[in-house]
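Student: A predicted structure for the sequence below; I have some questions about it.
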Amino acid sequence: MIGEPKVVRKAAFAKLVNVSPGRVSQMIRAGLPVEPDGRIDVARGREWIRANVDPKRSAAQGDQTALPFAAQPDAASERTRLVREQADHAALKNALLRRELLPAGEVEREWADILRRVRSRLLAVPSRLRQVLPHLTAHDVATLDSELRLALEDLSNDR
């Protein structure tokens, strides 16, 4: 263009071609010609961009030539995914604070305590029945005790 300098620094070239200086660095790594002093010849740089940069691609996507174009992650979808993950993290943290979710170890301990109490009460049934029903023989009480223990043992083996 008329009045445009022939050779410029990276930041000035970025302004001329309307990209960020970081994007210019990516283009340099991808093969954008650079003078020995680190400056960029504007005409050669513009020509390289026309030949090597797809005008339909967003500058925000960066240089992702390692992946085929269809497999390259879209910056907007990646940002959306990140925001969704952050929202999920915050929701889980809030649920924990409100005690809507509990740590698995705490739940396991509580259930183990409940089941220990149930077992203890069931094993006490024969002796309580003997006190309430004095007509039961020792054999009747022993049979009840045996059946309750057998049922508890069967339940413990059903894992």
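Tutor: Cool, got the structure.
Student: Every contact and neighbour count from this point should use C-alpha atoms.
Tutor: Fine.
Student: Can you get me a residue count around W48?
Tutor: Per other Cα atoms under 10 Å, the neighbour tally for W48 reads 15.
Student: Could you pull up the contacting residues of it?
Tutor: W48 is in contact with 32-33, counting by Cα atoms under 8 Å, 6 or more residues apart in numbering.
Student: which residue ranges form the strands in the protein?
Tutor: Applying DSSP state E to the chain gives strands spanning 7-8, 40-41.
Student: which stretch among the ones you listed comes nearest I114?
Tutor: Evaluated over the strands of the chain, closeness to I114 peaks at strand 40-41, with 75.6 Å, by Cα to Cα.
Student: Make TSV out of the strands of the chain and add mean neighbour count, mean pLDDT and distance to H139.
Tutor: TSV is the format used below for these (neighbours: other Cα atoms under 10 Å; pLDDT from 0 to 100; distance: least, Cα to Cα, whole Å):
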stretch	mean neighbour count	mean pLDDT	distance to H139
strand 7-8	18	90	105
strand 40-41	20	92	103
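Student: Would you format the ones you listed as JSON lines with distance to R79 included?
Tutor: Shown next, in JSON lines, are the strands of the chain (distance: least, Cα to Cα, whole Å):
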{"stretch": "strand 7-8", "distance to R79": "34"}
{"stretch": "strand 40-41", "distance to R79": "32"}
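Student: So which of those is nearest S146?
Tutor: The minimum distance between S146 and the strands of the chain falls on strand 40-41, with 92.8 Å, by Cα to Cα.
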